[in-house]
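Participant: kindly return the folded structure for what I paste below:
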Amino acid sequence: MTEDTSRPVTILVADDHWVSRTGMRHLLRGLERDVTMREAASFGEALELVANTRPLDLVVLDLLMPDRDAFEGLSAIVSAAGACPVVVLSMIEDRRYAKRAIELGAIGYIPKTGDAEETLSAIRTVLAGNAYLPADLIGAAGEGETTEEVDSTQQRIAGLTRRQREVFMRLGTGQATGQIARELEITEFTVRGHIAAILRKLGLDNKTQAALLASEIMPE
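Facilitator: Next up is the predicted model:
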C-alpha cells in the first residue's frame, strides 16, 4: 500500500511530556503535507479524543503515562481506535515490549532514540498502512519460549505453501505489500490473499505479528 500524500491527515499524539509533544509537532512538519495534530497528556485524554475526533488517521502513543498500566492503556486505545492504526513511540527499547505491543494490535513500535528522519520514515510507513518494526530491536530470537511452543510454531510454518512462505519471509524483512508483489511478479490483491492465509494458518491476528514472527526465524 502506498501513501496518498495529497490527502490531509489528522494525527493524535498521546504523551504526558509536553516537550515530547512539542517536538513531535515540529517533526510532523517534515511530512510535507497538511497535518492536523491533536494532543493528549494521558490515556484518558487520548481515549476521549479518539472517540470524538473524525476522521482520525493515526494515533502515536507513548506507553508510559501515569493514569493506566502501559499495556492496559494500549489495549483500550487500540479497541477504541477501530480501523485507525496505532503506533507506539517509546523510550523503552526492549524487544519484549515491542512484541507485546504488536500482540495487542499496534501497527508498529518506534524507539524515541531514533533520529528525526528515522522517525519520519516510520510514520510515513504506518500512514501508508504498513507495519513498522525496527530491525535492531526485533531481530533477535524470542526469549522464554518453551520447546513445545517453538515446535508448534515450526509445524504451522511448515504447513505454509511455497508461495506463502515466500511472502511470509519477505514480511520479516519489512517489505510492504506492493514491494512483495513486484518482487514475486504477482498482484497486490494476490499478496493480500496469501497474507490472509498465512494469518489463518499461523493463528495470528494481523500482518505486523506475522512480520515479527518471520523476523525471528530468519537466518542471521
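Participant: care to break this structure down by domain?
Facilitator: Domain segmentation of the chain under automatic domain parsing yields 9-138, 147-217.
Participant: quickly compare those domains and say which is most buried.
Facilitator: domain 9-138 (a mean of 18; mean count of other Cβ atoms under 10 Å). All C-beta atoms are positioned from the backbone trio N, CA, C, and that covers glycine.
Participant: skip the chain neighbours and tell me the closest residue to residue 184.
Facilitator: residue 166 (6.2 Å; Cβ to Cβ, 6 or more residues apart in numbering).
Participant: quick one: end-to-end distance for stretch 108-127.
Facilitator: Across stretch 108-127, the terminal residues are separated by 11 Å (Cα to Cα, to the nearest Å).
Participant: which residues outside that stretch are in contact with it?
Facilitator: 3, 9, 11, 20, 27-28, 30-31, 57-58, 60, 85, 87-91, 93, 97-98, 101-102, 107, 131-134, 137-138, 176, 208 (Cβ atoms under 8 Å, 6 or more residues apart in numbering).
Participant: packing partners of the host helix or strand of the residue nearest to residue 184?
Facilitator: Under the criterion of DSSP states H and E, residue 166 resides in helix 162-172. Judged by 3 or more Cβ pairs under 8 Å, 6 or more residues apart in numbering; DSSP states H and E, the packing partners of helix 162-172 are helix 177-184, helix 188-202, helix 207-217.
Participant: I'd like to know which helix or strand in the chain has the lowest mean pLDDT.
Facilitator: helix 135-138 (a mean of 62; mean pLDDT, DSSP states H and E).
Participant: sorry, back to before: out of the contacts of stretch 108-127, which are inside helices?
Facilitator: Within the contacts of stretch 108-127, residues falling in helices by DSSP state H are 20, 27, 28, 97, 98, 101, 102, 137, 138, 208.
Participant: in the residues you listed, find the pair that's most separated.
Facilitator: For the ones in helices among the contacts of stretch 108-127, the farthest-apart pair by Cβ to Cβ is 28 and 138; their separation is 24.8 Å.
Participant: low-confidence ranges in this structure?
Facilitator: 1-5, 135-153, 217-220 (pLDDT under 70).
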